[in-house]
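Asks: Fold the stuff below for me.
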Amino acid sequence: MRNETREHILNKLRKASQVTQGGSSTPDTPGELKLQWDMGQGLTEQLTETLDALNVINRSVSSDDQLKEFLKKIVRENAVKCCVAWEHPFLDKLRVPQTFKDMGVQYKDSFKDEHEFRQYCARADLGITSAHAIIEESGTIVVRAKRGWERATSLLPPVHLVILGPGKVVPSVRHLPSLLRSFHEISEKLPSAVHLITGPSRTADIEFNLVLGVHGPRKVYLLVALENTKRPPQP
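Replies: From the prediction side, this is the model:
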């Protein structure tokens, strides 16, 4: 029954994104824009202002020293003792695991089973993921999940750090359907989940008092690691 339900949901997603089982897709719909990457290296002024308004602490770095400085800031401000991370080649390339270990922070990105992962993730101070893209118009971070890139990493810890490569900015939410279809083209299947993160988790009570961190992280950091490249690196 569980597999039937899952397949039913996936079929609805395929139909909504106009992706067939064979991998072909229909032309862009009238309200949809063809996928377009902003090849600028860092965060634009407009995007930075949007992220600031959303309480997303953001930084573009162009050297190892700048990266380490920003990671130390996160550890210091949040008293991070242990963190859970995706097992991701981009994080390894930036030596993120070693940087945290050098600071005395327990860093874990692989687990023997789901039970061990959930237990560790629930007590971690910080969750670290990469992201596929960010939408300039809304400051929305697009994160896709799969095995090794579990969604709980960005949901359970009280602080979430997103590390993004250069040239991964799309202009508006109208590019989102094309972006979702590109996931199918990369791996020939839809991801298990796609998260659209627009700032820390927030809710308001009946008196409109805003509270952060009720249904997810209370703090979100975005680090854009610059490098010399003409194309956005694949996640």
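Asks: C-alpha from now on. contacts and neighbour counts both.
Replies: Fine.
Asks: Worst mean pLDDT across the helices and strands of the protein, which element?
Replies: strand 210-212 (a mean of 54; mean pLDDT, DSSP states H and E).
Asks: Tell me the helices and strands packed up against the very next helix or strand once past that strand.
Replies: Where DSSP states H and E defines the elements, the next helix or strand beyond strand 210-212 is strand 219-225. Applying 3 or more Cα pairs under 8 Å, 6 or more residues apart in numbering; DSSP states H and E, one finds that strand 219-225 contacts strand 56-61, strand 159-164.
Asks: lowest-confidence stretch among those?
Replies: Least confident of the helices and strands packed on strand 219-225, judged by mean pLDDT, is strand 56-61 with a mean of 92.
Asks: by how many degrees do that one and strand 159-164 diverge?
Replies: Angle of strand 56-61 versus strand 159-164, following axes from the mean of the first three to the mean of the last three Cα atoms, to 10 degrees, is 40 degrees.
Asks: one step back: identify, out of the helices and strands packed on strand 219-225, the most deeply packed stretch.
Replies: strand 159-164 (a mean of 24; mean count of other Cα atoms under 10 Å).
Asks: next one: it to chain centre, how far?
Replies: 7 Å (Cα atoms, centre = their mean, to the nearest Å).
Asks: Just checking, which helix or strand succeeds that strand along the chain?
Replies: Immediately after strand 159-164, counting by DSSP H and E, sits strand 169-170.
Asks: about what we covered before: in JSON lines, list the helices and strands packed on strand 219-225 along with distance to residue 101.
Replies: Below are the helices and strands packed on strand 219-225 laid out as JSON lines (distance: least, Cα to Cα, whole Å):
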{"stretch": "strand 56-61", "distance to residue 101": "20"}
{"stretch": "strand 159-164", "distance to residue 101": "16"}
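Asks: Compare these and give me the one nearest residue 134.
Replies: strand 159-164 (8.5 Å; Cα to Cα).
Asks: The closest one packs against which elements?
Replies: Using 3+ Cα pairs under 8 Å, 6+ apart, strand 159-164 sits against strand 126-130, strand 219-225.
Asks: Swap in 10 Å and give it another go.
Replies: Helices and strands touching strand 159-164, by 3 or more Cα pairs under 10 Å, 6 or more residues apart in numbering; DSSP states H and E, are strand 56-61, helix 64-78, strand 82-85, helix 89-93, strand 126-130, strand 140-145, helix 152-155, strand 219-225.
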